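Undergrad: what would the 3D arrangement of this be:
(2 chains)
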Amino acid sequence: DTAVSQTPKYLVTQMGNDKSIKCEQNLGHDTMYWYKQDSKKFLKIMFSYNNKELIINETVPNRFSPKSPDKAHLNLHINSLELGDSAVYFCASSQTSLSYEQYFGPGTRLTVT
Amino acid sequence: AQSVTQLDSQVPVFEEAPVELRCNYSSSVSVYLFWYVQYPNQGLQLLLKYLSGSTLVKGINGFEAEFNKSQTSFHLRKPSVHISDTAEYFCAVTPANDYKLSFGAGTTVTVRA
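TA: Just a heads-up that it's a prediction; the model follows:
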């Protein structure tokens, strides 16, 4: 059973397109996150939702819009894709009342051409 | 704000030799500290964490780390590495009772036979 899953694993698209990445966790956690890992492997948080409420929103272009339909899902929609959006996007979840440990998904490698 | 500095970007090591990965942090508040490992083309996996208590923390796969508050360090060690330890290692920090993880730039460990 996969704890944190993401789809798709790979996404190749052209500039200007709109795409979505989906994330699901079956751990019963109350908080979910999106991270971006660039080509130099630097990881930076983008968004976080706690009980479906946005609690972290870093300086991310508003072309990126997270949506949390329920506590187990956090999707990332990206409008008007740009070359600089090419990266690996990781979803993570945690149960903040317990240990602050975050569990990561396998990542989605987005390539914008 | 918190920041994390991983002092070594690449660490080559021979199999069965010890390894130490250095991590320093800066913060004006109490923090929780983590080490994550990322195997090639995979997501991040928690190796160990320090929240409070004993400053020597033991994690999975034979890794341990020592929290040193006066030196604001959280160095990771393993007495004898295996080929399978070849991976990227990330040190991360979050303010105590907060959700937001800040990652270091990562250390690439390459284990050679």
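
Undergrad: hey, what's the closest residue in space to residue A:46 that isn't next to it in sequence bridged with?
TA: Setting aside the residues directly before and after it, residue A:46 is nearest to residue A:34 in space (Cβ to Cβ, 6 or more residues apart in numbering or on different chains), at 4.5 Å. C-betas here are computed from N, CA, C, even on glycine. With DSSP bridges as the criterion, residue A:34 is bridged to residue A:47, residue A:91.

Undergrad: pLDDT score for the spatially closest residue to residue B:71 that is not a sequence neighbour?
TA: Computed as Cβ to Cβ, 6+ apart, the closest residue to residue B:71 that is not its neighbour in sequence is residue B:24, at 7.5 Å. According to the prediction, residue B:24 has pLDDT 97.

Undergrad: quick one: secondary structure of residue B:24?
TA: strand (DSSP: H, G, I helix; E, B strand; the rest coil).

Undergrad: quick revisit: surely the residue nearest to residue A:46 and residue A:88 touch.
TA: No: using Cβ atoms under 8 Å, residue A:34 is not in contact with residue A:88, being 11.4 Å away.

Undergrad: more neighbours: which of these two?
TA: The residue with more neighbours, out of residue A:34 and residue A:88, is residue A:34; 26 against 21, by other Cβ atoms under 10 Å in any protein chain shown.

Undergrad: for that one, which residues are in contact?
TA: Counting by Cβ atoms under 8 Å, 6 or more residues apart in numbering or on different chains, residue A:34 touches A:23, A:45, A:46, A:47, A:48, A:66, A:74, A:76, A:89, A:90, A:91, A:92.

Undergrad: residue B:38 now?
TA: Counting by Cβ under 8 Å, 6+ apart, residue B:38 touches A:41, B:44, B:45, B:87, B:88, B:89, B:90, B:106.

Undergrad: around chain B, pick out the residues from chain A.
TA: Listed as neighbours of chain B in chain A under the rule Cβ under 8 Å from any Cβ of the partner chain: A:4, A:31, A:33, A:40-45, A:48, A:50, A:55-56, A:90, A:92, A:94, A:96, A:99-107.

Undergrad: among the residues you listed, name the buried ones.
TA: By neighbour count, with 16 or more other Cβ atoms under 10 Å in any protein chain shown, these hold A:4, A:31, A:33, A:43, A:45, A:48, A:50, A:56, A:90, A:92, A:94, A:96, A:100-107 as buried.

Undergrad: which of the residues you listed fall in helices?
TA: Among these, the subset assigned to helices under DSSP state H is empty.

Undergrad: show me these that map onto strands.
TA: Judged by DSSP state E, those include A:4, A:31, A:33, A:43, A:45, A:48, A:50, A:56, A:90, A:92, A:94, A:103-104 as members of strands.
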